[in-house]
Every structure is written in structure tokens, then in C-alpha cells.
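>>> Structure for the following, please:
(chains A, B and C)
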Amino acid sequence: MAELRYIDAIRDAMLTEMRRDERVLVLGEDVGVKGGVFGATDGFHAEFGEARVLDTPLAESLIVGAAIGMAVAGLRPIAEIQFSDFIYPAFNQIVSEAARIRYRSAGAFGCPLVIRAPYGGGVEVHGGLYHSQSVEAFFAHVPGLKVVTPYTPSDAKGLLIASIRDPDPVLFLEHKRLYRALREEVPEGDYTVPLGPAAVRRPGTTLSAFAYGQMLHETLRAAADVAAEGLDVEVVDLRTLRPLDAATILASVRKTGKALIVYEDNRFMGFGAEVAALIAEEAFDALDGPIVRVAGLDAPAVPYADTLAAAFMPTAGKIADAMRRLAAY
Amino acid sequence: MAAREAHARTTGARHEALGLHPDDLLAMYYHIALARAIDERMWVLQRAGLVPFVISGQGHEGAQVGIMWATDRTRDWLVPYYRQLAACLVRGMSPRDLMLGLFAREGDPSSGGRQMPAHWADPRHRIMTTSSPVATQYLHAVGIAYAVKVRGGGELVVTSMGEGSTSQGDWHEAMNFAGVHRLPVIFMVENNRYAISVPTRLQMAVEDVAVRAAGYGFPGVVVDGSDVLACYEAGREAVRRARSGEGPTLIECKVERLTAHSSEDRQEKYRPTADLEAARSKDALVVFKHYLEQVGVLDEERYTEIHRRIRAEVNDATDYAEARPMPDPATVTRHVYAEE
Amino acid sequence: MPVEIRLPQLGESIHEGTIARWLKQPGDRVEKYEPLAEITTDKVNVEMPSPLGGVLVELLVPEGETRPVGSPIALIETVSGAIAAEAPAEPPAPAGGPGGSDRSPAPAAPPPAAGRAPGGVRLSPLVRKLAEEHHIPLQALEGMTGSGAGGRVTKDDVLRYVAARGASPAAPSPGAPAAPPGAPASRPPGPGSADEVVRLSPVRRAIAQRMAQSKREIPHAYGVIEVDMSAVVAWREAQRDAWRAREGVPLTYTAFFVRAACAALRAYPVVNSSWSDDGVVLRKAVHVGIGIAVDDGLLVPVIHDADRLSLAGVARALDDLTRRARAGRLTLDDVSGGTFTITNPGVFGSIWSMPIIVPGQAAILATDAIVKRAVVRDDAIAIRPVMHLGLSFDHRIFDGAVAMQFLNFLKAWFEDYRDGR
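Now for the predicted structure:
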């Protein structure tokens, strides 16, 4: 085992698969000689050559659309969208095409495609309105797609390998704040973490807090802070947004009686709304308090100036306050 | 072969110069006429209230059959659009397959009744599944062509489109990518001068779509879509380029749309009567028939026999598809994801 | 037999068409797919081909008139051989059109009464569930100031209460509370300004839910029989005082009813059963519930293993349950597990009733008033004490024949009564 950063674990996953399976290739802007703007494909061009590490023209619809054609023709493409904020030109290809190919052909065709995209913001990110967005809500809505938001480096590697091997299109969202900030012992070689199951990061009894991506980090800190006050918060890492692990979510709520959902995206109709609806519908008589969401503000995205970014983002402090209020209800 | 072709060039039998045998000609004629008959029957069924919708390729058949005849019908890919009934027939789908799609019956190979008619697909014949948003499939076509090239199998991809779809961004992105990588793809533009009701003068600033190919680094040629042999010849050259690694070709076929855009459209509203009448005179089915008569390949007896066979096939396909059950509602959420 | 030709759905969002011109007249032969009429709509104008071949019998719509899609427009007599595989098809539903939206999904079940017990205390779903599990009457929680926001009673408060209570569960829990109603009831108009809303007590609410559930789920059928109670009345009159002195409890008619029922249930085990989707569950034990009227409703305490008790045993059990019911001291065990129920509306003067089956049981027996009547005996008028027995039963489990056999058994048991059995 080696200690890897999140970005290295992602690189390691792709490297492992590209070495193991010659059908796997990477395409996107700057993925080739440059190795990707975040370094995710550093060294790939030299090892695998231009055909398998393809610098595409600046055209997101093309990146996903051509990848769809490659997948249908029997390759295993990993398409990189440079920033989630730029995924929208490819929205049609992802939603109308990739997600529907299997369904519309009644199973005759499939689309084993991975689309990787960095997402998310924070004060240190300084991404502004167009390099900080969360886009999972648009896509997790779509039957036929899978959406993954790993938190730990070891999860990132195992989930990405599993995604590459998955017969269906997977949107793999990597929080850019985690790239270099998070380190962990990551197993070497070939292993998978299955898409779907959530992970209980911190068992507890007072209330259940559900989060994904970088918000795990904030939520765990908040849980540690309030532990000193006698609140024992259970923190659950959703990991895969679609398919959603309803069983783990409901079991946790039945145990604690209170649910808090944390997500960085705009609050209104963000992913947490689906989790809240699920809990309300399926675990109503286990609830000893309202289901609470802590989320980003309903402003278009994370603004650039530090003060504005801090106001937008859910932080450990804001999450801890919400935990206290819910626990006291 | 070369001697025969040279001889043919001097005596003037166009098809011989192209290396086509009378049997090829009859088979090509058969496919054009069969496509037309199926298409016409589909309209009748819709107007009789037996199916809700039809969209047509009448007038496009000659160009499609001509170009497709130049491809390898056992391994080349087809990424079609909704007027490509004739091309799908040539590529190997049967009249029954097509009627199952029209009636949206269980067992429809294109989509199991899930898509509207004319969204043909068939993995057995490498006909890629397509959707309704226009021009999304050209990116898929170049992706397939990229995979094919990387694997070195020598196959190629034919993808076709109306002239209207060449306004979509996806089309330009696909053309660009094909040019950059010299992909083995044939962009077949079936220019019938109307995108539903929008005439070409409002769709593009150029007379011929073909000139755009130069902007993407490869040749674009214009052919008369009513001249089946001219289409075949253009197709043959494009196939040669693709297989030799020279890259893509755009073939623009000038065709006529003989029907309204679909059963939802009334073209008299925007298409002058004179225009419609002129269109009928450029029907490849008629023009090609004359050629075959001229070169003595098609006589009255053969003609009658061919059309008798076609009528029987169309009736068989109609009756077969109509009698099939509707898709089982219990299957409505199957195949959203891969099943174990 | 002529076949109707209907106006086809010629396009999405087209709802009607006008017959511009008939291309065929009555008496004409029509080939399949031959043009029949010119039809205009506001989107497309078409020549409509005939969906089948035959002889045109009648035109149902004059030229120039408009009809909705799907209307019959002509009649064709099909020729044998050209017969429909082509029955005129129903015009297919408009693609994604308005037709599909009529069927809105069933509205979500309204939540069980939000936790406002009388007194306005908020009880969360979890708190209510815990209260039920631990046999805590909601009234006990109402008066409590909890540790939650605004004095709310929390889960921990309930658990602390349970720990502190120690000993046996107190307070009566009125008949097993029902699950919330599945289908939404239609909403009656709200209270007007002069109307008074009487809040539901937990007992009333529970009864309401059970009754509604029973009527909704169980197909009720009824049997009635007339019983000459002379023998029972005579025996009871003769024995009453001695009995009372000896046993220390009164001898009510109900005791006889229970004994009779036990005998009948032994003879007809299918009446002592329960419906399930897997099959009819024949209950081995006989636990007889007795309807007892209390201040704000009806309680149904149960005599467990009633078939093992003698008349005296039954009488004693009845006395005990009745006292505790009236004092509000029935336990959850007292009111659960019944396999058959007897209700006695006769005490209020009812001569014939159709009671509601307790959910989970197969039948309920109503014993109406014992009234002196003129009856015919041996072709002569006699005065006898007569009682109607009514059986409401679950028609899924057994039929009227069995019901009447059961009732006849009871009738015979009463009419042949002797010896304090």
C-alpha cells in the first residue's frame, strides 16, 4: 500500500485499467502531452501513445458524442470534461443519447462510457462562477445514467475502476478541492468498490448526517466538534448518487430518528431533496424531528471573492449549528 | 475487368464502366422499388388510422441504394437518419423488421416499440440506434469510425443526414474530428431543399453543402440523387478513400422529397405546386427504370414479376406486424440499465 | 354484420376532422386501402384509405360536417375473405397528448392524524409509535412537558418515562390501533361557523379506523335466524339466585351466548378463522371477544381459550372483563387475540342488527333482544321469548350455507338447553 492523494488514486485507477484492457482509452482537452489540467493523465501519453490518449478539439459535445460511438463500437472510453461547468454543451449527448441507448434499443445496444469531470468550489479554489459548479442534480435525475461522487482516495480508485468496467454510462464527479488535499493509504493493483453502497464513516446515535464529495470532510469535522458537547452524530458517505443506497439511509434514520442532509450544490432541488423525500416517504414513523438540509445558497454558483465564497459554501461551522438545532428539537 | 470496363466506356454502357453486372442493376432496382412500396404502404396505414405516425423517404431511395451498394454490406456501419428506409433495407433489415417498428410491436428489432417509427437500429447489421434530436448521431458515427480505425479492421462508417442537420453544431464538430483524424467515414447529405418547411436559402449561405468539406480538410462532391449510377460511382470512390486511409468524404446527393415531412405535415402550405410537380420528374425510381429498359435489363415480364414479389412482401410484412402483440407493459422499465 | 369505420387520429393534437368529400357511395365496393373520403383538419388534409375491404353500406356523416376523432363515419359490410384481421382499429391514443393526463396518480395517503392529541401537544411519529409499543396512553404524554424545543415530548422523554414507570404497563389501550387508511377518503366540507367540532378521543379514533378498515377490506354477508329461548330463560330464572350466591358473579345471558358459540365453533372450525392471501387460517384456539359499551365507545375484551371454560368460568371471566372495561383498566392483552366476537345489541333493545366484523376474524355474532312473541307451536299460537341471532361473516372464507348451518347449530343448542351446560 502507498499513501496517495485523491488525484493520484484516480490516475492509478485509469493506469491500472489501461494496462489491463487495451480497449480502454482516454479522450478530452489537454489530456495528452500536458497530462490534463489537473494532472490526472500525467504520463499516459508517453506510455500509451496518441491513439489511446487523445487530445480532442475544444468541443464538449464532440468529446461525449464521439466517446459514445467508441463505446458502441466496442472500446471503453473515459471522456474527460475539463470542468463540470463546461459540461452543458454535452448535456444533450449525455442525457438524450448515452443514457438512453440501452433503453431505446430494448437492450440491443449498450454504452459503456465513463465521463469524468472535476466539480465543486470553496474559498481556496478561487474558481468563481464557472469553475466551481456542482452538476450532479441534473444528471442523477436521468434513468440510464449512473452518478458517482467519491470522497476518499481509496474509494476514488476502486469506484473509478468499477465505473470503467460498468456496462452503463457513468458520470464520475471528482471534487477538485480533494485532489491534492486528501491523502490516504490506497491498495495497490486491481480492486473495485461497487457502485451503489454507501459507507458509514462515523457510527452514531443522536442523528444521521448524509453527505457526499467534499462535504464529507466538512460534515466529519462538524461531527467531531459537536461530539465534545455530547452529540453523537452518525455520518454516512453516499458515494454513489445513482443508484442510491436507500437501505443504508433508511436503516440509519431508523436508528437515530433524525436526518440531516448536506450538499454543496444550490439548495433548491439539489440532490438532497431526493434523499429527504425518500426518508419522509419510507421512514416517516421513525422520525423524531424534521428532515433538515444544509446546502449551498440559491445563487448561481460560488462567487470569486473570498467573503462571497465563504457565504455561499456549507462549512463545518454551519453544519455543526444545524446538527445542534436538530439534536435539540 | 479493366478491359471490360474500358470496352464499356467506349460502347457507352455506364453500368459496365462501373463494374456493375445486370444482376446488380436488377437487385438495386428491386431495393429502390421495395423501399418505395413499403413507404407508400406506411402512409396508407397511417391515413387509415391503423398506425399513429409515419415519416417518409420517398424520393431518396435511389441515392441511398446507389451509395450503399458500394459499401460492404456485411461489415460496414450505418448510422442513419429517419428517411433512410432504403439504406436499412440494403444493409439487411427486412420489410417485416421495418413494419414491426411502424406498428410498435413486441419483437421490433429497432427498439421493442419504444421509439417512434423510422428510428431503425439493428446490431446484427451494424445499424446504430439513433434518437430524435437532429445531428447527435454524427458524433457517434465519427466515434465509431475512430474505434474502427484504431483497430485496423478496414471497415467504414456511412452516416446520412438531411441538409438541415448540417446547421447543427454537432455536425460541424463531427466533420472537424473526422478531418483531423482522417476517419473512414462517408458523410452522405441528402439535400431535398426543405428542412420540414424551411427552404435552403434560409438554412445556409452556400448553394451546396459539399463546399463545407473543404473547411474540414477533405473532399465534398455533389451528385444528382435521381441518377443511381452517379451515386454509386461517388460512393465507390468514397469507399476507396476510406479503406485506404485517405479519410472522409462528403457526398451531397440532390434529391427530391416527394411527400410531406411526415404525417403531421401538409407541404402544400409552403411548397409551390410547380415545385412539387417538378419533383416527381426527378424520381430515381422512374429514371432508373428507364435506364434499365434502355440497356435491356428490364423488360415488361421482369418488371411485372418484380412488382408482384414486392406487393407480396409488403402485404406479408404488414399482416405479420399488425398481428403481433403490443409490447408487454410489465417490461416498461427493463433495459434502463444492463441486466445481469 | 357491417363494421363501423371510425375517423382516424391523423396527427398529434388533432381531435376532430371534417368530411370534405365522400369518394364512395353506399352500394359501392371498396377495396382495402382504397381512398374512402377526403378529410380536412387544421393541420393536414388527407385522403383517408379504407382500413378494410367490402361493400359500403351507409355513410354516417354528411359532407361538410365535423366529428371528433374516433367517431363512426361509415358502415362497411365486409366480404368473406376480406374479413378484418383489420377490425376498424381504435384510433390510437395521441402521442403524449392530453388524453394521457386524465389519469393523475392516486394522491398520496393523508398522513395519520398529525400528532396533536387534545391539549395541543406535538407528538412526532416516532413518539406515537413508541407510546403504542410501550402501552403508554397518549393522554399520559399529553400532560408532560418534554425536553424538546418548546416543551415537545421527544423520543428520549418517552424512553425515560418507560424506564421510570418500571412495573406493569398501566392504562387501557383501546382495541389494536389501526394502520392509517390506505386510499384517500373524499373530503367532506369543513365545519361552518356555527358548527362544533368534537375532537376524537383515542378510543373513538381507533374504533373509526377499525370499522372503516373492516368494511373496506372484508366482503360482509349476513345470516339471521330466530331462536326460541324458552329453555334458556327458564333454566336461568330457576337458577339465578342460587347461582349468584354460589359463584359470586351474576349469570348473564352473555355467558350462555359464549358457551353456545364455543360449541358451534368447534363444530364449524371454518368460522373460527382468518383470511390471508396464502389461504384461510383455521385458528386452533378459541378466543371470544365480547363487545362492551363504555362511555365514549365500544371495547372488545377477549376471553382467551373460552372453549376450555365452564359456564361458571365464562361468567366469571365476563364479570372481570366488564368491571375492568368500565373502569378503564383493560390491558393490551385483554383486548387482543380474539378469533371470534359476540356483540349484544339486544341490551339496547335492538331486535335485528348487522354488526361489523373485527378485522382479522371471519365472523361476528349479534344477539338481539329477547322479546316475548306470539309464535306457532304445533299449529297453535304460543307466547315464547324469541331472540334473533345475526351472523355477519366474511364471504371470502365461507358461504351462506355454512353461515346458516352455524346459526342452526346455535339455535338447536339454545332450544335444547338443559343442565347448565
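>>> Tell me the residues of the stretch 1-150 of chain A that contact chain B?
A:25, A:51-52, A:56-57, A:59, A:61-62, A:64-75, A:77, A:89, A:92-93, A:96-97, A:100-110, A:143-144, A:146 (Cβ under 8 Å from any Cβ of the partner chain). Quick note: C-beta positions are derived from backbone N, CA and C, even for glycine.
>>> middle-most residue in chain C, spatially?
Closest residue to the average C-alpha location of chain C: residue C:215 at 1.6 Å, with Cα atoms, centre = their mean.
>>> Local confidence estimate at that one?
Predicted confidence (pLDDT) for residue C:215: 90.
>>> and what of residue B:163?
Listed pLDDT for residue B:163 reads 96.
>>> Give me the neighbour count for it.
Residues near residue B:163, counting by other Cβ atoms under 10 Å in any protein chain shown, number 22.
>>> Around the nearest residue to it once chain neighbours are set aside, how many other residues sit close by?
Distances taken as Cβ to Cβ, 6 or more residues apart in numbering or on different chains put residue B:191 closest to residue B:163, at 4.1 Å, once the chain neighbours are dropped. As a burial measure, residue B:191 scores 25 neighbours (other Cβ under 10 Å).
>>> so residue B:191 makes contact with residue B:209?
Yes - under the criterion of Cβ atoms under 8 Å, residue B:191 makes contact with residue B:209 at 6.0 Å.
>>> so how far is residue C:302 from the residue nearest to the centre of chain C?
Using Cβ to Cβ, to the nearest Å, we find residue C:215 at a distance of 21 Å from residue C:302.
>>> With just CA atoms, put stretch B:112-124 into CSV.
Output in CSV follows, covering the C-alpha atoms of stretch B:112-124 (Å, rounded to 0.1, in the frame of the first residue of the first chain):
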residue,chain,number,x,y,z
GLY,B,112,-39.0,-3.0,-29.0
GLY,B,113,-41.7,-0.5,-29.7
ARG,B,114,-40.1,2.2,-27.5
GLN,B,115,-39.2,4.7,-30.2
MET,B,116,-41.3,6.4,-32.8
PRO,B,117,-41.2,4.7,-36.3
ALA,B,118,-38.1,5.3,-38.5
HIS,B,119,-35.7,5.1,-35.6
TRP,B,120,-34.2,2.0,-37.1
ALA,B,121,-31.4,0.0,-35.4
ASP,B,122,-30.1,-3.4,-35.6
PRO,B,123,-26.8,-4.7,-34.1
ARG,B,124,-26.9,-7.7,-36.4
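>>> In that stretch, which residues are buried?
Within stretch B:112-124, the residues scored as buried using 16 or more other Cβ atoms under 10 Å in any protein chain shown are B:112, B:113, B:114, B:115, B:116, B:117, B:118, B:119, B:120, B:121, B:122.
>>> isn't the first one right next to residue A:106, touching?
Which is residue B:112. Yes - in this structure, residue B:112 is within contact of residue A:106 by Cβ under 8 Å, at 3.0 Å.
>>> Give me the common contacts of those two.
Overlap of the contact sets of residue B:112 and residue A:106 (by Cβ atoms under 8 Å, 6 or more residues apart in numbering or on different chains) consists of residue B:335.
>>> which phi and psi does residue C:47 have?
Residue C:47 has phi and psi values of phi -90, psi 120 when expressed as degrees, to the nearest 10.
>>> Look up the closest residue to it, ignoring the ones flanking it.
Using Cβ to Cβ, 6+ apart and skipping the chain neighbours, the partner closest in space to residue C:47 is residue C:35 (4.2 Å).
>>> is it true that the one you found touches residue C:23?
Yes - if you go by Cβ under 8 Å, residue C:35 and residue C:23 touch, sitting 5.1 Å apart.
>>> Residues that sit against both of these two, list them.
With Cβ under 8 Å, 6+ apart, residue C:35 and residue C:23 have common neighbours residue C:47.
>>> neighbour-wise, which of the two wins?
Neighbour count, other Cβ under 10 Å: between residue C:35 and residue C:23, residue C:35 has more, with 17 against 14.
>>> Show me what the more buried one is bridged to.
On the basis of DSSP bridges, residue C:35 is bridged to residue C:49.
>>> Quick one: residues contacting residue 221.
Using chain A. A:316, A:320.
>>> actually chain C
When the contact criterion is Cβ under 8 Å, 6+ apart, the partners of residue C:221 are C:392, C:393, C:394, C:395, C:399, C:400, C:403.
>>> hmm, try it at 6 Å
Contacts for residue C:221 (Cβ atoms under 6 Å, 6 or more residues apart in numbering or on different chains) come out as C:393, C:395.
>>> With residue A:33 instead?
Residue A:33 makes contact with residue A:45 under the criterion Cβ under 6 Å, 6+ apart.
>>> mind redoing it with 8 Å?
A:45, A:55.
>>> Which of the three states applies to it?
Secondary structure, DSSP: H, G, I helix; E, B strand; the rest coil: residue A:33 is coil.
>>> Return the per-residue confidence for it.
pLDDT for residue A:33: 92.
>>> do the same with the one 5 residues further on
What the model reports for residue A:38 is a pLDDT of 93.
>>> can you count the residues close to it?
Residue neighbour count, defined by other Cβ under 10 Å, stands at 19 for residue A:38.
>>> My read is that it contacts residue A:7, right?
Yes - using Cβ under 8 Å, residue A:38 is in contact with residue A:7, at 6.0 Å.
>>> Overlap of the contact sets of the two?
Listed as contacting both residue A:38 and residue A:7 by Cβ under 8 Å, 6+ apart are residue A:179.
>>> Between residue B:191 and residue B:209, which contacts overlap?
In terms of Cβ under 8 Å, 6+ apart, residue B:191 and residue B:209 are both contacted by the residues B:163, B:252.
>>> rewinding a little: so which of the residues of the stretch 1-150 of chain A next to chain B belong to strands?
Of those, the ones assigned to strands by DSSP state E are A:25, A:77, A:146.
>>> How about the first one, nearest residue that isn't a chain neighbour?
What that stands for is residue A:25. Closest residue to residue A:25 apart from its sequence neighbours, by Cβ to Cβ, 6+ apart: residue A:52 at 4.2 Å.
>>> So the one you found sits against residue A:21, correct?
No - at 10.9 Å, residue A:52 does not count as touching residue A:21 under the criterion of Cβ under 8 Å.
>>> So for the two, which residue has more residues nearby?
Each of residue A:52 and residue A:21 has its neighbours counted (other Cβ under 10 Å); residue A:52 has more, 20 against 13.
>>> Distance check, that one against residue C:337.
Residue A:52 sits 72 Å away from residue C:337, going by Cβ to Cβ.
>>> same check, this time on residue B:196
Plainly put, residue B:196 is 73 Å away from residue C:337 if you go by Cβ to Cβ.
>>> Confirm residue B:276 sits in a helix?
Yes - under three-state DSSP, residue B:276 falls within a helix.
>>> Now do the same contact list for residue A:282.
A:246, A:250.
>>> same deal with residue B:106?
With Cβ under 8 Å, 6+ apart, residue B:106 has these contacts: B:112, B:113, B:324, B:325, B:326, B:327, B:328.
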